[in-house]
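Chemist: Following is a predicted model, sequence given first.
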Amino acid sequence: MAVQPFDRSVLKVGQVFIMGLNVLAFALGYVLQLRNAWVLSTIVGVIMLAGLANPNLALFKRFYLSALKPRGLVKPNVVQEDATPHQFAQGVGGAFLILATLTFLAGAAEAGWVLVWIVILLAFVNFAFDFCVGCQMYFQLDRLHLIPHRGDASA
């Protein structure tokens with residue numbers, strides 16, 4: 001694992017966006033019955049996955065770095081840590097939101113909202129208690145040698 005400086009405030013800001021935008025989508029769609037409000041959750045999932053594919057597309061991180069951190073609204077919390085487990089968790093969350101999108105498109109809105117709420121609740125657990133379920137999944141898969149590593153011939 002590549003242990004290097006990692007700003008945990010990036011995670012916290014991302015979690016706030018993930019929770020807030022998905023709760024807003026739920027409130028608009030399920031509570032207020034606004035048709036296609038679930039698309040907001042799709043956008044969040046795309047942002048999460050796009051940020052993994054290309055750091056320039058990590059919009060929540062960019063907002064933190066360009067607006068919140070320079071203005072002192074959110075202070076950096078730099079630790080020595082491998083970012084890979086967090087990136088894996090972000091990928092899992094983004095995948096759940098894309099799966100929710102497919103579920104909405106299939107006409108199973110209640111199941112879609114369940115998937116969205118799983119992402120909201122896991123982001124909340126990480127935000128409030130610094131316990132990353134996706135990271136724990138990564139560590140267990142790694143322990144079982146089911147995670148390819150950069151530089152591995154099999155990767």
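Modeler: Right, received. Where do you want to start? Numbers count the residues shown, from 1 in each chain.
Chemist: Tell me where the protein has helices.
Modeler: All helices of the chain, identified by DSSP state H, fall at 8-26, 39-53, 59-63, 84-105, 109-129, 133-143.
Chemist: wait, which of those helices is closest to Ala2?
Modeler: Ranking those by proximity to Ala2 (CB to CB) places helix 84-105 first, at 7.1 Å. Placement of C-beta: from N, CA and C, glycine included.
Chemist: How far away from the center of its chain is that closest one?
Modeler: 7 Å (CA atoms, centre = their mean, to the nearest Å).
Chemist: on that earlier part again, could I get the helices of the chain as JSON lines with mean pLDDT and distance to Val78?
Modeler: Formatted as JSON lines, those follow (pLDDT from 0 to 100; distance: least, CB to CB, whole Å):
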{"stretch": "helix 8-26", "mean pLDDT": "98", "distance to Val78": "8"}
{"stretch": "helix 39-53", "mean pLDDT": "98", "distance to Val78": "19"}
{"stretch": "helix 59-63", "mean pLDDT": "98", "distance to Val78": "14"}
{"stretch": "helix 84-105", "mean pLDDT": "97", "distance to Val78": "14"}
{"stretch": "helix 109-129", "mean pLDDT": "98", "distance to Val78": "18"}
{"stretch": "helix 133-143", "mean pLDDT": "97", "distance to Val78": "18"}
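Chemist: Lys69: which of these is closest?
Modeler: Using CB to CB, the helices of the chain put helix 8-26 closest to Lys69, at 7.2 Å.
Chemist: buried sites along the closest one?
Modeler: Using 16 or more other CB atoms under 10 Å as the test for burial, helix 8-26 gives 9-19, 21-22, 25-26.
Chemist: list the contacts for the most centrally placed residue in the chain?
Modeler: Centroid check for the chain by CA atoms, centre = their mean gives Gln90 as the closest residue, at 3.8 Å. Gln90 makes contact with Gly14, Met48, Gly51, Leu52, Gly134, according to CB atoms under 8 Å, 6 or more residues apart in numbering.
Chemist: 10 Å instead?
Modeler: Contacts for Gln90 were tallied using CB atoms under 10 Å, 6 or more residues apart in numbering; they are 11, 14, 18, 47-49, 51-52, 58, 60, 83, 123, 132, 134.
Chemist: can you name the two of these that are farthest apart?
Modeler: Most distant of the contacts of Gln90, by CB to CB, are Ile47 and Cys132, 18.5 Å apart.
Chemist: Thanks a lot, catch you later.
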